[in-house]
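J.: Everything below, folded, please.
(one chain, ligands or ions: 1)
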Amino acid sequence: MRESVDILVSGGGVAGLAAAAAFGSAGYSVICVDPAPPITTGTAPGADLRTTAFLQPSIPVLTAAGLWQRLEPHAMPLQVMRIVDAGGAEPVARITHDFDASDVSAQPFGWNLPNWLLRREFVARLDELPNVDFRPGIAFSRMLTREAEALVTLSDGAQIRARMVVAADGRHSPVRKALGIPAHTTRYGQKALAFAVTHAEPHGNVSTEVHRSGGPFTLVPLPDHQGKPCSAVVWMETGPEIERLRALPRDAFEAEMNTRSCGLFGWLEQASALTVWPIITQHAERMTGQRTALMAEAAHVVPPIGAQGLNMSLGDLTALIDLSRPETIGTPAMLQAYERRRMPEIRLRLAGVDALNRASMIESRPLRDARAAALHALYSLAPVRKGLMQLGIGMR
Ligand SMILES: Cc1cc2nc3c(=O)[nH]c(=O)nc-3n(C[C@H](O)[C@H](O)[C@H](O)COP(=O)(O)OP(=O)(O)OC[C@H]3O[C@@H](n4cnc5c(N)ncnc54)[C@H](O)[C@@H]3O)c2cc1C
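T.: Here you go, the predicted structure:
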């Protein structure tokens, strides 16, 4: 028998779970499927040990979805973004610039949370919503779209008639492939290590990016761990270098990590397993198909710089919720409006993050010196500095 639903969300990653909660909280009937059941503790094998810094514009959609209320008690505010240049002959901090949120806002830039905790709280929220049916262990298989609906077949053979399909099924999106929408990918030969550290000195709510070569080494504040100050680290480098670092014994790894962090926050101790993430930029040629909206990594992937990835995804979700009306959900007019609203901003942010990543990868010394000089010049002009901060947060 065919079931009917307003929204079928393909993908129960962080973005898909947020979409299911947002549409469910807005009163729509929702089915959300994902072949991989969410891992909701930080110590379980396969746990997502990345963290997400939610920027200010992401908070309203999370609140309306009943999610922010659950996240706020665990969130660590980010008050200062510190950029450190360590591109000289020796790996030492030679220039430090602080971007303080108080220059542009009465609030912090954002709030940082572990991804495994997001999954735990998002799944708990879905349990509260009787109109949301979350089906872990079940995949989107194929679909047939018509003017009035999409007919989706799931991996257990169930057939679902949906007024709109929301593709939040990641960078290899099966829904995007089913619609034949091409994706354009830029590879940098780069990977990221994501893990947690404890450190001797408190982080003081400062998020720090250390630039030398290969990509940034970023420390983002987390709540204390076993009584010690704690931060999440994203360490980007060439693929072979990341594989070499990952294979090191713990003592040798910690020594290299402390050289790379330039001693900031004192001695860093590894406090979690290491996870490895490939780094790409990617965008889908279109964000919509008949009765279908692509969102999050199904539509766009950026390197983890400036906390743009999931925040862009929540920008997609904000637009989808704003444009949805019970009578017109999934219609061509609604989907075209979604595409028009999101594409320009996504193109701008993809280009900006791509440029920042290429600058942070630079190997040659003279170019690293030029990079430091350019950063200093931008920072020294107060209106430019404030404009960059507002753009980075998404306040404009
Ligand atoms: C190291 C690192 C650090 C980051 N830090 C930040 C940050 O601070 N701030 C920020 O905003 N962003 C950050 N990002 C980006 C952010 O983590 C991603 O945007 C986000 O996790 C991706 O979410 P997603 O739900 O789109 O994709 P995914 O997490 O990949 O979820 C896709 C889901 O689709 C499911 N799926 C696959 N096939 C099917 C199918 N056939 N049917 C149904 N479901 C299917 C998968 O099982 C998966 O659960 C970071 C990224 C990296 C790599």
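
J.: who are the neighbours in contact with residue 111?
T.: 53, 54, 71, 72, 75, 76, 77, 78 (C-beta atoms under 8 Å, 6 or more residues apart in numbering). All C-beta spots, glycine's among them, are computed from the backbone N, C-alpha and C.

J.: how about a cut-off of 6 Å?
T.: Contact analysis of residue 111 by C-beta atoms under 6 Å, 6 or more residues apart in numbering lists 54, 75, 77.

J.: By neighbours, which of the residues you listed wins?
T.: residue 54 (23 neighbours; other C-beta atoms under 10 Å).

J.: elements contacting the helix or strand harbouring it?
T.: Residue 54 is part of strand 51-55 when elements are defined by DSSP states H and E. Secondary-structure packing of strand 51-55 (3 or more C-beta pairs under 6 Å, 6 or more residues apart in numbering; DSSP states H and E): strand 110-114.

J.: Report the mean confidence score over the strand it packs on.
T.: Mean per-residue pLDDT for strand 110-114: 92.

J.: Measure how far that strand is from the centre of its chain, please.
T.: On the basis of C-alpha atoms, centre = their mean, to the nearest Å, strand 110-114 is displaced by 11 Å from the centre of the chain it belongs to.

J.: Now do that strand against strand 51-55, angle only.
T.: Direction vectors for strand 110-114 and strand 51-55, defined by axes from the mean of the first three to the mean of the last three C-alpha atoms, to 10 degrees, enclose an angle of 160 degrees.

J.: Is there contact, residue-wise, from strand 110-114 to the ligand?
T.: No - residues of strand 110-114 are not located near the ligand by C-beta under 6 Å from any ligand atom, the shortest gap being 7.1 Å.

J.: Can you list the strands that the strand holding residue 54 pairs with?
T.: Here strand 51-55 is paired, per DSSP bridges, with strand 110-114 (antiparallel).

J.: Quick check: next helix or strand after the strand holding residue 54?
T.: Counting by DSSP H and E, the element after strand 51-55 in chain order, helix or strand, is helix 59-64.

J.: Show me what the helix or strand following that next one is packed against.
T.: Downstream of helix 59-64, the first helix or strand assigned by DSSP H and E is helix 68-71. Judged by 3+ C-beta pairs under 6 Å, 6+ apart, helix 68-71 is in contact with no other helix or strand.

J.: repeat that for 10 Å
T.: strand 51-55, helix 59-64, strand 110-114, helix 115-128 (3 or more C-beta pairs under 10 Å, 6 or more residues apart in numbering; DSSP states H and E).

J.: number of nearby residues for the residue in the stretch 51-200 of the chain that the ligand sits nearest to?
T.: Here the residue of the stretch 51-200 of the chain nearest the ligand is residue 170; by C-beta to the nearest ligand atom that distance is 3.1 Å. The burial count assigned to residue 170 is 19, neighbours taken as other C-beta under 10 Å.

J.: Let's verify it: helix, strand, or coil?
T.: Taken by DSSP: H, G, I helix; E, B strand; the rest coil, the conformation at residue 170 corresponds to coil.

J.: now the helices: where do they sit in the stretch 101-250 of the chain?
T.: With DSSP state H, counting those that start in this stretch as the definition, the stretch 101-250 of the chain shows helices at residue ranges 115-128, 174-179, 239-247, 250-260.

J.: Got phi/psi on the closest residue to the residue of the stretch 51-200 of the chain closest to the ligand other than its chain neighbours?
T.: Counting by C-beta to C-beta, 6 or more residues apart in numbering, the nearest residue to residue 170 once its immediate chain neighbours are dropped is residue 297, at 5.0 Å. Backbone geometry at residue 297, expressed as degrees, to the nearest 10, gives phi -70, psi -10.

J.: start at 12 instead
T.: With the count now opening at 12, the last piece we talked about shows up as residue 308.

J.: How about the contacts made by residue 308?
T.: Contact partners of residue 308, counting by C-beta atoms under 10 Å, 6 or more residues apart in numbering, are 22, 24-26, 178-184, 291, 293, 295, 320-321, 323-324.

J.: now, which of the residues you listed lie within strands?
T.: Counting by DSSP state E, those place 178, 291, 293, 295 in strands.
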